[in-house]
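1. got a sequence here, can you model it:
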Amino acid sequence: MFRAAAAQHTPAGRRLHSYMDRGELVPDDLTNELVDERIAKPDAAAGFLLDGYPRSVDQAKMLDEALAARGVSLDKAIKFMITGREIVSRLSGRRVCPVDGSVYHIVTNPPKVPGRCDIDGTPLVQREDDQEETVLHRLEVYGERTKPLYDLYAEKGILSSVDAIGSTEEVFERLLKVLGLDGDEAPGGAQ
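-> Residues are numbered from 1 along each chain as shown. Take a look at the predicted model:
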C-alpha cells in the first residue's frame, strides 16, 4: 500500500517516499490517513488483512476509531515470532527488478541469471530500505514502539503468535491454523 502511494507522486506520496528512502518509519498522521483511505474502499467491506499496521498504540487507537465508525472491530492481531538476525537476512537479501517490480532473494528465490530479472533481463537492485544498516535501524525503532501494542492486544484478548521461522509455506500454514482457516478458506483463495 505504501509503495503504491509513494509511486503516485502526489503530495502525500512524495512525503511518504522521503521517509521510506531514509529507512524511517512513516509518521502516524500520514500512515493513518493512508490506511483510513484504503479500508474505506468497497473491496475492504467484507474484511481485510493489515500487514505491519498498526505499529503503535496511537495507530491502534486511530484504527479502532476508523473501524468503529464503520461498525466493525478487529478480530485478531498476529505477532510473527522471528529473530532480528533472520529479519536482517531476509530483507537484506531481497532484490527487485526496477522495471516490472519482480522480487527475488539471493538465497531463497534467486534469479536464473545472477543479478538479472528472469522476465526482462534488467539488472536487479537492492532497495535502500533493504540495506542492512537501514533494516537494523528500522528494527530498533519498531521494537521500541511496538511492545506496548502487543500488550494492548493481549489485554483485549485478540493477540496470537505465529512462529515465522521456516519456509513461506510452513509459516503460511501456521498462520492459517491460528486464524482457524484451511488452505481452501485462505483470504483471496491463496493456497
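2. just confirm residue 106 contacts residue 90, I think it does.
-> No. With contact defined as Cβ atoms under 8 Å, residue 106 does not count as touching residue 90 (10.6 Å). Placement of C-beta: from N, CA and C, glycine included.
3. quick one: furthest residue from the center of the chain?
-> For the chain, the largest distance from the centre (Cα atoms, centre = their mean) belongs to residue 113, which lies 28.0 Å off.
4. need the contact list for that one.
-> residue 121 (Cβ atoms under 8 Å, 6 or more residues apart in numbering).
5. what do residue 106 and residue 90 both touch?
-> When Cβ under 8 Å, 6+ apart defines a contact, no residue borders residue 106 and residue 90 alike.
6. where in the chain is pLDDT low?
-> Within the chain, the segments meeting pLDDT under 70 span 183-191.
7. let me see the ranges of the helices in it.
-> Assignment of helices within the chain using DSSP state H yields the ranges 2-7, 11-21, 28-39, 57-69, 84-92, 132-156, 168-179.
8. dump those into CSV; add distance to residue 162 and mean neighbour count as well.
-> Below are those laid out as CSV (distance: least, Cβ to Cβ, whole Å; neighbours: other Cβ atoms under 10 Å):
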stretch, distance to residue 162, mean neighbour count
helix 2-7, 23, 16
helix 11-21, 26, 15
helix 28-39, 22, 17
helix 57-69, 19, 15
helix 84-92, 14, 15
helix 132-156, 13, 14
helix 168-179, 5, 15
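9. which one of these lies closest to residue 49?
-> Between residue 49 and these, the shortest gap by Cβ to Cβ is with helix 168-179, which sits at 9.3 Å.
10. gap between residue 176 and residue 167?
-> Here residue 176 is placed at a distance of 14 Å from residue 167 (Cβ to Cβ, to the nearest Å).
11. equivalent analysis for residue 173, please.
-> 9 Å.
12. for residue 151, same thing?
-> Taken as Cβ to Cβ, the spacing of residue 151 relative to residue 167 amounts to 30 Å.
13. could you do residue 141 as well?
-> With the distance defined as Cβ to Cβ, residue 141 ends up 28 Å from residue 167.
14. who touches residue 85 in this structure?
-> With contacts defined as Cβ under 8 Å, 6+ apart, residue 85 has no neighbours.
15. quick one: it from residue 10, how far?
-> Here the criterion is Cβ to Cβ. By it, residue 85 lies 37 Å from residue 10.
16. among the helices of the chain, which is nearest residue 124?
-> Closest approach to residue 124 among the helices of the chain is made by helix 84-92 (13.6 Å; Cβ to Cβ).
17. got the CA coordinates for the closest one in PDB?
-> In PDB, the C-alpha atoms belonging to helix 84-92 read as follows (Å, rounded to 0.1, in the frame of the first residue of the first chain):
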ATOM      1  CA  GLY A  84      16.400  -9.900  14.400                       C
ATOM      2  CA  ARG A  85      19.200 -11.800  12.600                       C
ATOM      3  CA  GLU A  86      16.600 -13.700  10.500                       C
ATOM      4  CA  ILE A  87      14.800 -10.400   9.600                       C
ATOM      5  CA  VAL A  88      18.000  -8.800   8.500                       C
ATOM      6  CA  SER A  89      19.000 -11.800   6.400                       C
ATOM      7  CA  ARG A  90      15.600 -11.900   4.700                       C
ATOM      8  CA  LEU A  91      15.400  -8.200   3.900                       C
ATOM      9  CA  SER A  92      19.000  -7.500   3.000                       C
END
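18. that's all I had, so thanks and see you.
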